[in-house]
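>>> This is the structure alone, sequence omitted:
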């Protein structure tokens, strides 16, 4: 299988120190499993094309009478709710092998907006 030989080449060229010490680019198990599952896409990507299958978004809050601490608590609660509802495959809060990689932008925006109300 091509995936195995590609991943073997990568892991064989990495020293043990590089593989076990955090260097600011640690990939959690869920991200590694996602990469393995989608290796054909990643292996053939270039720096210019690697992000094409992904979308990124954020929700901006309107001005609020709440203080900074209350806003942070509300955002944290909302984030937890969105993760629970959508079960993104790479989030550590999502149980292994139960995550979704098919969440649409519309679904995310609906969940995020509803959780902040």
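Structure received. Bear in mind that the values here come from a model prediction, so they are computed numbers and not experimental data.
>>> domain parsing for this structure?
Recorded structural domains for the chain (assignment: automatic domain parsing) are 2-43, 68-115.
>>> most centrally placed residue in this protein?
The central residue of the chain, meaning the one whose C-alpha is nearest the mean C-alpha position (Cα atoms, centre = their mean), is residue 90 at 4.3 Å.
>>> related to what we said a few turns ago, hey, least reliable of the domains of the chain by pLDDT?
Among the domains of the chain, domain 2-43 has the lowest mean pLDDT, at a mean of 69.
>>> which residues in the protein form helices?
Counting by DSSP state H, the chain has helices at residues 2-13, 16-20, 29-37, 39-43, 68-86, 105-115.
>>> now these in TSV, with distance to residue 94?
Heads up, the C-betas are built off the backbone N, CA and C, glycines and all. Written out in TSV, the entries for the helices of the chain read as follows (distance: least, Cβ to Cβ, whole Å):
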stretch	distance to residue 94
helix 2-13	23
helix 16-20	24
helix 29-37	7
helix 39-43	20
helix 68-86	7
helix 105-115	14
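>>> Turn the ones you listed into TSV, including distance to residue 55 and mean neighbour count.
TSV is the format used below for the helices of the chain (distance: least, Cβ to Cβ, whole Å; neighbours: other Cβ atoms under 10 Å):
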stretch	distance to residue 55	mean neighbour count
helix 2-13	25	11
helix 16-20	31	8
helix 29-37	15	14
helix 39-43	15	14
helix 68-86	13	14
helix 105-115	5	14
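>>> can you tell which of the ones you listed is closest to residue 98?
Across those, the minimum distance to residue 98, taken as Cβ to Cβ, is reached by helix 29-37, at 10.3 Å.
>>> How far does stretch 52-66 stretch from one end to the other?
Distance between the boundary residues of stretch 52-66 (Cα to Cα, to the nearest Å) amounts to 38 Å.
>>> can you list contacts of that stretch?
For stretch 52-66, the external contacting residues (Cβ atoms under 8 Å, 6 or more residues apart in numbering) are 41, 45, 71, 74, 75, 105, 108, 109, 112, 113, 116.
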